[in-house]
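Novice: How does the following fold in three dimensions:
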Amino acid sequence: MRDPVGHTWQRITRWLHGHAPATAALIRGPAGAAAVDAVERDVGTPLPADLRAWWACTDGFPPGTVEALIPALHTPLTTAAVPAELRSRLAISSTAAQPHDAEAGRFSHGYQPAFVPISTDNCGQVLFVDLRPGPWHGCVSEWDHEQGFLDAPRWRSVAVMLADIAGALESGGPALADYTDRRRALGFTHDTRVWAAVDNAGELEWLDRLTE
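Specialist: Below you'll find the model as predicted:
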């Protein structure tokens, strides 16, 4: 398949149009190549091909939107918002991390220049693509504005993230199952799996099974 990310994104949007039209209606069109190149220049590190491919499908959601497209509460950022979000995180980080401090996927108390923000939960957390070197280069993790990054990566890559979302939407099964297993290997016991649901307004949400 020449464009696996594009195919996966089509699966997601097809499901949203059929089941969560309010969420589907807010998805922006593709980001221009110039906008993606501008992010790459600002970051100073080549962007993973799957991130570029995703932004070639969509330029996130309108600024200020609160839509839980990415489990469990994250709204994709626009490419225009990424550089400012990155600079803001670096400015307020409690610890001055050096560029490429440790390998990708490893804990970090300070926000790093190699952390490319791709979404926000609008409460202080962002998902970021980790561009530090190492076997987990390109993984997707969550930055906690109080604790930093002291967790397992959420997904191995942007492509895996999108495939997890598409699979959960289509099958009715959980998202974040692999992430739960990685956390357990680190000694965390909380089950982080979530299931897709649609509220009365036609918006996608992700619920812990215990609250359904």
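Novice: Convert the one helix or strand residue 91 maps to to PDB, retaining C-alpha atoms only.
Specialist: Element membership of residue 91, judged by DSSP states H and E, is helix 82-92. Once non-C-alpha atoms are left out, helix 82-92 reads as follows in PDB (Å, rounded to 0.1, in the frame of the first residue of the first chain):
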ATOM      1  CA  VAL A  82       2.900  23.700  16.600                       C
ATOM      2  CA  PRO A  83       5.900  26.100  16.700                       C
ATOM      3  CA  ALA A  84       4.300  28.400  19.200                       C
ATOM      4  CA  GLU A  85       3.300  25.400  21.400                       C
ATOM      5  CA  LEU A  86       6.800  24.100  21.200                       C
ATOM      6  CA  ARG A  87       8.400  27.400  22.200                       C
ATOM      7  CA  SER A  88       5.900  27.800  25.000                       C
ATOM      8  CA  ARG A  89       6.600  24.400  26.500                       C
ATOM      9  CA  LEU A  90      10.300  25.000  26.300                       C
ATOM     10  CA  ALA A  91       9.900  28.400  28.000                       C
ATOM     11  CA  ILE A  92       7.900  27.100  31.000                       C
END
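Novice: ok, the closest residue to residue 175 other than its chain neighbours - how many residues close by?
Specialist: Nearest non-adjacent residue to residue 175, counting by CB to CB, 6 or more residues apart in numbering: residue 168, 3.9 Å away. Where you see a C-beta, it was placed from the backbone N, CA and C, and this is true even at glycine. Using other CB atoms under 10 Å, residue 168 is surrounded by 22 other residues.
Novice: would residue 168 count as being in a strand?
Specialist: No. Per DSSP: H, G, I helix; E, B strand; the rest coil, residue 168 lies outside any strand segment and is helix.
Novice: Report pLDDT for it.
Specialist: Residue 168 is assigned a predicted lDDT (pLDDT) of 98.
Novice: And for residue 198?
Specialist: pLDDT, residue 198: 97.
Novice: Next: residue 208.
Specialist: Reading off the model, residue 208 has pLDDT 92.
Novice: now swap in residue 126 and tell me
Specialist: pLDDT at residue 126 comes out at 97.
Novice: who's it bridged to?
Specialist: Judged by DSSP bridges, the bridge partners of residue 126 are residue 120, residue 143.
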